[in-house]
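Novice: all I have is the shape, not the residue letters:
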């Protein structure tokens, strides 16, 4: 059992918690909590740490099964944890990686394209909602770190089930999608059609911009169609994750009738 915060493994976990660069270099992310441990593909688990109090509960040890783990004292686990009330289990997980082509399914392609999303909760919610709505993938440009602990928790395991692609050149990525005959839709106040008046039974990709500023002019100009979501009261726009969810589930609804 690890009993000191001076332990090399403990120091490494603390660095992985705090530093994006460390997570990138080691090609891993941290997943903390029992539920998300159960959601993680076991072949991606690089290391599992559990607290001594976690091990005292039979139902917890049963969930571990034959997974190898490293036990640590409660005090040490508290130092390793990124949450105020640790559940006593933390995993180091190897990152999944995809190429853009892996997100495409010809006329069944259903993409969410995110530009500049900065809230970890929003990004995690979009992954979780995207999985439920049946997206074939999520493309990200200039977004908050997907592998930061708070974002990972927000995905509730969807991070390992929804294919994603991080682009450093969004205009080029959009050009590649256009070459594949994938229509690009942007939710804009200037949209001429309500979102549910369009046909998404073929390939479809939705452009969603940052929470504060929306899409950049350059990105919005690449859209084949501007659409709008009905708004009442004095609201000008919806939360980015809420808008994305409405659009993704409209695709789900239409395709469910085929």
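Specialist: Everything's here; your move. Worth saying up front: this structure is predicted, and the values here are computed from it rather than measured.
Novice: residue boundaries of the helices in the stretch 51-200 of the chain?
Specialist: Along the stretch 51-200 of the chain, counting by DSSP state H, counting those that start in this stretch, helices occupy 52-55, 58-64, 74-80, 120-133, 149-155, 170-179.
Novice: right, and these - which one's nearest residue 99?
Specialist: Ranking the helices of the stretch 51-200 of the chain by proximity to residue 99 (CB to CB) places helix 170-179 first, at 11.0 Å. No exception for glycine: its C-beta is placed from N, CA and C like everyone else's.
Novice: low-confidence ranges, the protein, go.
Specialist: 235-237, 257-258 (pLDDT under 70).
Novice: let me see the contact set for residue 11.
Specialist: Contacts here follow CB atoms under 8 Å, 6 or more residues apart in numbering; on that basis residue 11 touches residue 5.
Novice: separation between it and residue 186?
Specialist: Applying CB to CB, to the nearest Å, the value for residue 11 to residue 186 is 45 Å.
Novice: now distance to residue 94 and mean neighbour count too, for the helices of the stretch 51-200 of the chain, in JSON lines please.
Specialist: Putting the helices of the stretch 51-200 of the chain into JSON lines (distance: least, CB to CB, whole Å; neighbours: other CB atoms under 10 Å) gives the following:
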{"stretch": "helix 52-55", "distance to residue 94": "23", "mean neighbour count": "17"}
{"stretch": "helix 58-64", "distance to residue 94": "19", "mean neighbour count": "12"}
{"stretch": "helix 74-80", "distance to residue 94": "19", "mean neighbour count": "19"}
{"stretch": "helix 120-133", "distance to residue 94": "18", "mean neighbour count": "22"}
{"stretch": "helix 149-155", "distance to residue 94": "13", "mean neighbour count": "22"}
{"stretch": "helix 170-179", "distance to residue 94": "25", "mean neighbour count": "16"}
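Novice: out of the ones you listed, the one nearest residue 15 is which?
Specialist: That would be, of these and by CB to CB, helix 74-80, which comes in at 10.8 Å.
Novice: show me the contact partners of that closest one.
Specialist: 2-5, 7, 10, 13-14, 17, 49-53, 72, 86, 88, 90.
Novice: and these, which of them are buried?
Specialist: 2, 10, 13-14, 17, 49-52, 72, 86, 88, 90 (16 or more other CB atoms under 10 Å).
Novice: I figured residue 248 hits residue 111, correct?
Specialist: No: look at residue 248 against residue 111 with CB atoms under 8 Å: they stay out of range, at 9.6 Å.
Novice: list residues touching both of those two?
Specialist: 135, 206.
Novice: ok so, going back, what about the contacts of helix 74-80, which are in strands?
Specialist: 49-51, 72, 90 (DSSP state E).
Novice: which of those lies closest to residue 61?
Specialist: Of these, the one sitting nearest to residue 61 (CB to CB) turns out to be residue 50, at 8.8 Å.
Novice: could you list which residues are in contact with the closest one?
Specialist: 60, 64, 69-72, 77, 88-90.
Novice: about what we covered before: a markdown table for the ones in strands among the contacts of helix 74-80, including distance to residue 125?
Specialist: What follows is the ones in strands among the contacts of helix 74-80, written out as a markdown table (distance: CB to CB, whole Å):
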| residue | distance to residue 125 |
| --- | --- |
| 49 | 27 |
| 50 | 28 |
| 51 | 29 |
| 72 | 31 |
| 90 | 22 |
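Novice: burial count for residue 211?
Specialist: Residues near residue 211, counting by other CB atoms under 10 Å, number 15.
Novice: how close does the closest residue to it other than its chain neighbours get to residue 206?
Specialist: In space, and not counting its chain neighbours, residue 211 is closest to residue 240: 5.2 Å by CB to CB, 6 or more residues apart in numbering. Residue 240 is 11 Å from residue 206, where distance means CB to CB.
Novice: ok, now how distant is the closest residue to residue 2 other than its chain neighbours from residue 153?
Specialist: Among residues not flanking residue 2 along the chain, residue 72 sits closest, at 4.3 Å (CB to CB, 6+ apart). According to CB to CB, residue 72 stands 20 Å off from residue 153.
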